[in-house]
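K.L.:
Mind folding the following:
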Amino acid sequence: MNEGLWVPIVLFIVTGFCTIFFLYFNNKNRNAIMDTVQKSMDTGSDLTPDLLAKLGAAINPKVRDMRRGIVLVSIGIAGLMCSMFFADADVVSGIRAGSVFPLMMGLGFLLVWKLNKD
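P.N.:
Residues are numbered from 1 along each chain as shown. Here you go, the predicted structure:
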């Protein structure tokens, strides 16, 4: 088997595993919150809106957009800087092409963060 073929195969396998683990643990966390609410309802405890807000508290979407934007822009810039260390034009263009996607996604998140009036 061609040795150069292993890189994309491993890349997709690792990306798939990371996605599966993220979804699994995110679902596990949500189920734990729902179990807590269910036990509280079964025992007859008061479920105040403040308590429910804390249990299901997600980070403010505006802050989440800023964080995602900064991380994605950083990944894009790191990839573009990494491309400076290679001499092969095909490798450089591939790294730059792969780096532009997270860079543009990050800029989009930062734009949404800036335009959000909430």
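K.L.:
Tell me which stretches of this structure form helices.
P.N.:
For the chain, the helices defined by DSSP state H occupy 6-43, 49-55, 61-82, 89-115.
K.L.:
tell me how far the longest one is from the chain's mean position?
P.N.:
Spelled out, it's helix 6-43. With C-alpha atoms, centre = their mean, to the nearest Å as the basis, helix 6-43 stands 13 Å off its chain's centre.
K.L.:
buried ones in that helix?
P.N.:
Neighbour counts over helix 6-43 (16 or more other C-beta atoms under 10 Å) mark residue 37 as buried. From N, CA and C alone the C-beta is placed, and that goes for glycine too.
K.L.:
Which strands or helices does it pack on?
P.N.:
helix 49-55 (3 or more C-beta pairs under 8 Å, 6 or more residues apart in numbering; DSSP states H and E).
K.L.:
Mind checking the pLDDT average for the helix it packs on?
P.N.:
Taken as a whole, helix 49-55 has an average pLDDT of 74.
K.L.:
so how far is residue 6 from residue 14?
P.N.:
Going from residue 14 to residue 6 by C-beta to C-beta, to the nearest Å gives 12 Å.
K.L.:
circling back to that earlier point, where among the helices of the chain is average confidence lowest?
P.N.:
The weakest mean pLDDT among those belongs to helix 49-55, with a mean of 74.
K.L.:
Name the surrounding residues that touch it.
P.N.:
Residues from elsewhere that reach helix 49-55, judged by C-beta atoms under 8 Å, 6 or more residues apart in numbering: 33, 36-37.
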